[in-house]
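Peer 1: Here is a sequence with its predicted model. Questions after.
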Amino acid sequence: MVNQTYTADVLVVGGGTGGTAAAIQAARRGAETILVSEFSWLGGMLTSAGVSVPDGNELEAFQTGLWGAFLQELRQRQPGGLNNSWVSFFSYDPQIGAEIFANWVQELPNLHWISGQVPIEVFRQGDSITGVRFADFAVTAKIILDGTELGDLLVLADIPYRWGWELQSEWEEPSAPVTFNSFTKKYPVQAPTHVVIMQDFGDAMSPEIPVAPNYDPSHFTGAWDGYGSETVLQTLTPGDPDARGLRFLNYGRLPGGKFMINWPICGNDYDRGVERLIESDVSRDEFIQESRWHSQNFAHFIQNQLSRRYGLAEKVFPHVSTAFALHPYYRESRRLVGLTTVREQDILPIAGGRVASIFNDGIAVGNYANDHHYPGVQFSLQPKSIRWGGRWTGTPFTIPYSSLIPATTDGFLVCEKNISVSHIANGATRLQPVVMGIGQAAGMAAAMCVELDCQPRDLPVRSLQTALLEDNRSKTAIIPLFNLPPNRSDWLHWQLYYLNNPQAYPDSGYCPCPSENEYPDSVFDQTSIRESNCFKGIFSRLEQQEEYRFAVTAPAAYLGQNWQLVTLRSQIDEQLRAYPHEQLVTLWGYYNHSGNWLLVEHLNGG
């Protein structure tokens with residue numbers, strides 16, 4: 001029974017990555033906002049789901065908006081820095097991430113956050129959504145946003161959505177199946193993962209991890225084949241017991257001797273009966289429990305096969321089983337039937353180019369490879385990866401505002417993985433930084449709809465794009481350009497130029513900016529260089545200038561080691577591309593033991 005009804009300008013249901021960003025942005029714009037979350041931590045994938053080793057939008061030019069602000073906060077708050085794992089350039093204690101989001105919410109007197117609640121009913125008037133009922137209260141609002149992990153408002157509101165595969169005949173996506181088959185039936189959506197955090201207890205040894213129901217070690221056999229036999233710590237030899245499986249564990253290494261276990265190869269992705277997630281509350285709870293048991297069994301297998309020094313981490317998440325995330329990492333949800341659907345073609349590179357074509361109503365940027373998870377199966381997808389900065393990254397693409405708007409329903413936006421996107425393209429649009437950008441744009445749009453007293457479908461898109469570009473706290477790029485970091489004085493000029501002249505958007509992804517020599521280092525650059533370390537060595541180029549190596553000559557502690565050179569900064573990438581082969585060079589940067597790379601921040605001659 002409803003005991004109280006709240007009224008707001010904007011209601012965001014779901015405190016995940018997109019919902020949290022949407023609520024913060026709507027409130028910062030001035031809207032009276034209510035955020036209702038299921039869990040006590042905000043941030044979803046980045047925090048409560050335990051994926052604190054996020055992928056995508058890693059290049060400096062793409063570190064904008066709330067995503068860029070989040071990274072800046074992490075750099076200031078995370079002891080030991082973010083350069084810990086080899087799968088990502090950013091790894092951190094998920095509790096610190098949750099504190100950042102909570103602090104941002106607490107700063108806003110017009111943002112009211114209620115936790116521990118899930119939606120039960122959606123109120124409609126004709127074609128408009130007007131409110132949502134929870135266990136003992138209801139909220140009515142002018143604009144309502146679905147930020148739930150699985151698109152729960154879509155089904156409650158009877159808004160058309162998709163779940164599972166589309167055939168090639170639907171949109172002519174090159175990687176889509178021609179017919180439905182046993183594979184598409186077994187794997188209707190990508191497998192979720194219930195992340196578990198393990199810890200290195202060293203000589204103290206850890207308590208034994210008990211097996212959970214349905215333990216079968218054969219499910220995990222071969223999990224680190226090709227990883228456990230080599231170590232990136234050159235002080236260890238492959239036969240050393242401490243080296244066995246170390247490269248596998250370092251995949252998701254966190255500060256403080258912890259490891260995020262989110263492993264796709266004979267690991268803890270869980271797919272058995274995944275359709276139960278949308279059948280009923282009871283069946284969803286059953287699936288979640290089984291996925292957690294599966295991760296516990298994988299952790300037991302890791303400990304049993306490697307060493308008792310590795311056990312369940314302590315005091316990570318705010319519940320009894322502190323090593324296990326509050327909920328699974330969902331890679332796919334119900335997906336809106338919107339005004340525009342993002343297809344595989346929209347995220348693939350232009351023929352002969354290094355970027356995807358841009359949407360005229362673009363509001364967010366992504367660049368991750370199209371990554372699908374089906375346990376035990378290698379699913380072939382059209383490639384969208386490129387070499388940049390001495391490493392592999394993904395083709396940049398944009399997200400259109402019209403993919404957030406239902407085809408026939410008003411008063412409503414989506415702001416999570418539930419945008420209007422094909423099953424195939426979801427493999428790239430689902431990543432944490434992209435979803436954060438989607439959430440920021442949705443929150444800005446909702447607040448502007450309140451200001452202009454209009455429906456989301458009637459909001460002038462250029463006004464929304466300009467507001468995102470000119471936001472006084474977290475300006476966000478909506479045109480992906482490799483060589484246009486947000487600290488450049490001409491950043492806004494080039495963003496607006498390509499918005500106004502989309503036909504001029506370069507296939508290379510490079511705008512005709514002056515050379516970096518014409519721009520002195522910014523304060524941020526100088527600080528970064530000061531805090532990094534200086535190294536000398538011999539530079540060499542492999543694979544036709546696409547990979548860079550560095551034989552260390554100084555300092556003495558690293559003498560004779562050979563590292564990969566990588567960078568996230570366009571001017572450093574340009575310098576590395578032009579630097580003479582087998583020359584002495586002086587570098588400033590951060591050495592990553594897990595990845596055996598040097599993240600270069602500054603480069604001089606010998």
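Peer 2: Great, that's in hand.

Peer 1: all contacts plus neighbour counts: C-alpha atoms, from now on.
Peer 2: OK.

Peer 1: How many neighbouring residues does the closest residue to residue 48 other than its chain neighbours have?
Peer 2: Nearest in space to residue 48, with sequence neighbours left out and distances taken as CA to CA, 6 or more residues apart in numbering, is residue 326 at 5.3 Å. Residues lying near residue 326 (other CA atoms under 10 Å) number 23.

Peer 1: Let me see the ranges of the helices in the stretch 401-550 of the chain.
Peer 2: Taking DSSP state H, counting those that start in this stretch to define them, one finds helices in the stretch 401-550 of the chain at 426-429, 432-452, 461-469, 491-500, 523-531.

Peer 1: most tightly surrounded among these?
Peer 2: When those are scored by mean count of other CA atoms under 10 Å, the highest mean neighbour count falls to helix 432-452 (a mean of 28).

Peer 1: what's the neighbour count on residue 473?
Peer 2: Look at residue 473: counted by other CA under 10 Å, it has 12 neighbours.

Peer 1: ok, now residue 358?
Peer 2: 24.

Peer 1: who wins for proximity to residue 406 among the helices of the stretch 401-550 of the chain?
Peer 2: When the helices of the stretch 401-550 of the chain are compared by CA to CA, helix 432-452 sits nearest residue 406, at 12.8 Å.

Peer 1: what angle sits between the closest one and helix 461-469?
Peer 2: Per axes from the mean of the first three to the mean of the last three CA atoms, to 10 degrees, the angle that helix 432-452 makes with helix 461-469 is 120 degrees.

Peer 1: Mind giving me the packing neighbours of helix 432-452?
Peer 2: Helix 432-452 sits against strand 4-13, helix 17-28, helix 65-77, strand 137-146, strand 362-366, strand 412-414, helix 461-469, with contacts defined as 3 or more CA pairs under 8 Å, 6 or more residues apart in numbering; DSSP states H and E.

Peer 1: The same query, at a cut-off of 6 Å, please.
Peer 2: When contacts are defined as 3 or more CA pairs under 6 Å, 6 or more residues apart in numbering; DSSP states H and E, helix 432-452 sits against helix 17-28, strand 362-366.

Peer 1: partner strands of the shortest one, parallel or antiparallel?
Peer 2: In the sheet, strand 362-366 lines up against strand 397-400 (antiparallel) (DSSP bridges).

Peer 1: what does the partner strand contact?
Peer 2: With contact meaning CA atoms under 6 Å, 6 or more residues apart in numbering, strand 397-400 is reached by 347, 356, 358-359, 361-367.

Peer 1: can we see that at 8 Å?
Peer 2: Residues outside strand 397-400 that contact it (CA atoms under 8 Å, 6 or more residues apart in numbering): 340, 342, 346-348, 355-367, 438, 478-480.

Peer 1: for stretch 289-298, same thing?
Peer 2: Contact with stretch 289-298 is made by 193-196, 209-215, 220, 267-270, 324, 328, as judged by CA under 8 Å, 6+ apart.

Peer 1: Which ones among these map onto strands?
Peer 2: Judged by DSSP state E, the subset of the contacts of stretch 289-298 located in strands is residue 196.

Peer 1: what's the distance between residue 102 and residue 90?
Peer 2: As judged by CA to CA, to the nearest Å, residue 102 and residue 90 stand 20 Å apart.

Peer 1: burial of residue 44, as a residue count?
Peer 2: Using other CA under 10 Å, residue 44 has 30 neighbouring residues.

Peer 1: any idea how far residue 15 is from it?
Peer 2: Remark: distance between residue 44 and residue 15 (CA to CA) = 6 Å.
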